[in-house]
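Participant: I'll drop the sequence and a predicted model, then ask my questions.
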Amino acid sequence: MKIYVIAFLAGCVLTMVLGKFVLAELRKLKAGQEIRQDGPTWHNSKAGTPTMGGIAFILGSGIVTFACGWQQMMEGNFAHLYVYLFALIFGLIGFVDDYRKVRQHQNEGLTAKQKFVLQLLAAVVFLCLMRYEGLLTNDLYIPFVNVTVTVNWIVYLVFAAFVIVGCVNSVNLTDGIDGLASSVTTVVMLFFLMAAILWKMTALGIFSGALCGSLLGFFTLYNHHPAKCFMGDTGSLFLGGAVAALAFAFDMPLVLILVGIIYILETLSDIIQVGYFKATHGKRFFKMAPLHHHLERCGWSENKIVIVFCTVTAVFCLLAYLGIQGRF
């Protein structure tokens, strides 16, 4: 338990400290957020807020994961590093996207096709590495009933690759208002930390605790409303990669249905909006998509949305935790 507390606190403090330097450098680079022309008009005041702030918690969680997980590495357990490096690859994809936006002074970076290909490639490499290291099985664990179903390897890898890409982009979509993605994912990381403690998976617990603390530090000092800094695609794609990688590293991808309920609702609202718009030739199901923008149009403040979404996530994470009690 001690190592988890250290990882959590160290991640929180280190990210707070690093954030000051990252924020200063982003201001020097004039890395201000460009607001989408088709986005909410009331977000125009956010234009120019430094983006790519996710670098702070990426560095903070990485340093702590490496330092606190040293003993596990000496024992030949590198699971925490594989998960971190996988998330980092997605963070780098996001960084390229953010950097192009900053350089071109517009809200479009990489094309959707470029992002998809890079993300799919990263997912395939990660899954192959995890299988080679014996850290991934083709046994699909079903929570609550505690049944494990063995799936054909090819089918499982295809399923896993698309779940990862879908999860990453869902987290990215959730990052639309101050502090939403960082706060919701803090709760999700707390779930994975508790799962690691329950199942005695120390290496994965160290990473989960470090990122949980880092996100709390980032949210508290820089990302809560009104945000001093946005995480950018650099941060949101990293978080999506971390959530997806942990789900598969723990060998329980189906738990994402519960712990990632907000990510799923945000994505579904976008899909429904687009589908309904096309089917009705211009009508909209929601006032604006994704869901958090619809709620803003309904009069909800950003703080209220964050509190409600975090509460919903906490309830579903607790439900998921109860559902995995009988696995071992």
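Facilitator: Alright, I've got the coordinates.
Participant: state the mean pLDDT of stretch 232-250.
Facilitator: On average, the pLDDT along stretch 232-250 is 95.
Participant: typo on my end, stretch 198-216
Facilitator: What stretch 198-216 shows for mean pLDDT is 96.
Participant: buried ones in it?
Facilitator: By neighbour count, and taking 16 or more other C-beta atoms under 10 Å as the criterion, the buried residues in stretch 198-216 are 199, 201-216. No exception for glycine: its C-beta is placed from N, CA and C like everyone else's.
Participant: over to stretch 294-311?
Facilitator: For stretch 294-311, the buried set under the neighbour-count rule, 16+ other C-beta under 10 Å, comprises 294, 295, 296, 300, 302, 305, 306, 309, 310.
Participant: and if you look at stretch 66-82?
Facilitator: For stretch 66-82, the neighbour count (16+ other C-beta under 10 Å) marks 66, 68, 69, 72, 77, 78, 79, 80, 81, 82 as buried.
Participant: check which helices and strands the host helix or strand of the last one is in contact with.
Facilitator: Of the helices and strands defined by DSSP states H and E, residue 82 is found in helix 79-104. Judged by 3 or more C-beta pairs under 8 Å, 6 or more residues apart in numbering; DSSP states H and E, the packing partners of helix 79-104 are helix 54-68, helix 70-74, helix 112-132, helix 202-218, helix 232-249.
Participant: between the buried residues of stretch 294-311, which is nearest residue 55?
Facilitator: residue 306 (21.9 Å; C-beta to C-beta).
Participant: wait, a strand at that closest one?
Facilitator: No - using DSSP: H, G, I helix; E, B strand; the rest coil, the assignment for residue 306 is helix, not a strand.
Participant: orientation of the helix holding residue 82 relative to helix 202-218 in degrees?
Facilitator: 30 degrees (axes from the mean of the first three to the mean of the last three C-alpha atoms, to 10 degrees).
Participant: where's the residue lying closest to residue 215 once chain neighbours are set aside relative to residue 46, distance?
Facilitator: Excluding its sequence neighbours, the residue lying closest to residue 215 (C-beta to C-beta, 6 or more residues apart in numbering) is residue 186, at 4.3 Å. Remark: distance between residue 186 and residue 46 (C-beta to C-beta, to the nearest Å) = 21 Å.
Participant: compute the number of surrounding residues for residue 144.
Facilitator: Neighbours of residue 144 under the rule other C-beta atoms under 10 Å: 14.
Participant: helix, strand, or coil at it?
Facilitator: coil.
Participant: burial of the residue nearest to it when sequence neighbours are not counted, as a residue count?
Facilitator: In this structure, residue 144 finds its nearest non-sequential neighbour in residue 323, 4.3 Å apart by C-beta to C-beta, 6+ apart. Using other C-beta under 10 Å, residue 323 has 18 other residues around it.
Participant: so who does residue 323 touch?
Facilitator: Contact analysis of residue 323 by C-beta atoms under 8 Å, 6 or more residues apart in numbering lists 143, 144, 255, 258.
Participant: sorry, back to before: could you give the angle of the helix holding residue 82 to helix 112-132?
Facilitator: With the same axes, to 10 degrees applied, the angle from helix 79-104 to helix 112-132 works out at 170 degrees.
Participant: on that earlier part again, tell me which of the helices and strands packed on helix 79-104 sits nearest to residue 92.
Facilitator: Closest approach to residue 92 among the helices and strands packed on helix 79-104 (C-beta to C-beta): helix 232-249, 8.1 Å.
Participant: using PDB, write down the CA coordinates of the closest one.
Facilitator: Extracted C-alpha coordinates of helix 232-249, given in PDB (Å, rounded to 0.1, in the frame of the first residue of the first chain):
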ATOM      1  CA  GLY A 232      -4.700  19.500 -25.800                       C
ATOM      2  CA  ASP A 233      -4.700  16.300 -28.000                       C
ATOM      3  CA  THR A 234      -1.300  15.700 -26.500                       C
ATOM      4  CA  GLY A 235      -2.900  15.000 -23.100                       C
ATOM      5  CA  SER A 236      -6.300  13.600 -24.100                       C
ATOM      6  CA  LEU A 237      -4.800  11.000 -26.500                       C
ATOM      7  CA  PHE A 238      -2.300  10.000 -23.900                       C
ATOM      8  CA  LEU A 239      -5.100   9.500 -21.400                       C
ATOM      9  CA  GLY A 240      -7.200   7.500 -23.900                       C
ATOM     10  CA  GLY A 241      -4.100   5.300 -24.500                       C
ATOM     11  CA  ALA A 242      -3.600   4.800 -20.800                       C
ATOM     12  CA  VAL A 243      -7.200   3.900 -20.100                       C
ATOM     13  CA  ALA A 244      -7.300   1.400 -23.000                       C
ATOM     14  CA  ALA A 245      -3.900  -0.100 -22.200                       C
ATOM     15  CA  LEU A 246      -4.700  -0.700 -18.500                       C
ATOM     16  CA  ALA A 247      -8.000  -2.400 -19.400                       C
ATOM     17  CA  PHE A 248      -6.100  -4.900 -21.600                       C
ATOM     18  CA  ALA A 249      -3.100  -5.200 -19.300                       C
END
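Participant: thank you, goodbye.
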